[in-house]
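Enquirer: I need the structure of the sequence given here:
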Amino acid sequence: MAPTQTPLRIENLSLPVVAHHEAAHAVIALTTGGRVPRARIWPADAAHWQGWVDMEFRDNPEGEHAGALALLAGAHAERLWLDRHDVPPASWPHDIDASSQWDRDLVQECLRRIPRDQRPLYRAVDREAERLVARHWDRIEHVAERLIDAKTLHHVRA
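Expert: Residues are numbered from 1 along each chain as shown. Reported below is the predicted structural model:
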């Protein structure tokens with residue numbers, strides 16, 4: 001008989017999922033030339049967590065592109081974490097698409113600030129963000145672990 005893993009309890013999923021979401025924002029911001037003065041997570045209620053990352057980017061098209069990548073990274077990190085832990089979509093702690101709508105709205109604002117002749121397609125930026133999350137997964141996990149332990153990180157380094 002093959003060894004089995006103890007399945008994750010659903011009420012325990014929100015903390016690591018949100019921590020990885022925020023860690024991905026931070027790591028991708030840092031890897032694309034941004035700064036991360038603070039990242040934090042806090043309990044929204046007894047079973048759910050929320051988070052926020054302060055990110056700063058250059059005020060130019062490259063900075064707007066980097067901001068869009070960092071914003072899109074959060075949802076990709078959630079899906080990757082859940083996939084790596086074999087959590088079926090029916091057991092996810094929340095609707096990732098609905099909860100990341102605000103991030104996607106900000107991405108649209110970032111892209112609108114890039115001159116039309118230099119503006120990448122949203123889908124291309126989203127695919128790039130997904131690749132960056134996979135490429136920097138070890139760093140994202142490291143920052144997420146630190147975030148789970150401390151709840152607030154200042155002057156984040158990945």
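
Enquirer: excluding chain neighbours, what is closest to Val143?
Expert: Computed as Cβ to Cβ, 6 or more residues apart in numbering, the closest residue to Val143 that is not its neighbour in sequence is Ala23, at 3.9 Å. For the C-beta atoms, the positions are set from N, CA and C on the backbone; glycine is no exception.

Enquirer: so what's Pro43 up against?
Expert: Residues near Pro43 by Cβ atoms under 8 Å, 6 or more residues apart in numbering: Trp49, Gln50.

Enquirer: quick one, phi/psi of it?
Expert: Taking degrees, to the nearest 10, you get phi -70, psi 130 for the backbone angles of Pro43.

Enquirer: give me the mean pLDDT for whichever strand or helix holds the residue nearest to Val143.
Expert: In the assignment (DSSP states H and E), Ala23 maps to helix 14-31. Helix 14-31 shows a mean pLDDT of 98.

Enquirer: show me what contacts the spatially most central residue of the chain?
Expert: By Cα atoms, centre = their mean, the chain has its centre lying nearest to Gly74, at 1.8 Å. Shown in contact with Gly74 (Cβ under 8 Å, 6+ apart): His21, Glu22, Ala24, His25, Ser100, Asp103.

Enquirer: quick check, Leu111 in contact with Tyr122.
Expert: Yes - using Cβ atoms under 8 Å, Leu111 and Tyr122 qualify as a contacting pair, with a distance of 6.4 Å.
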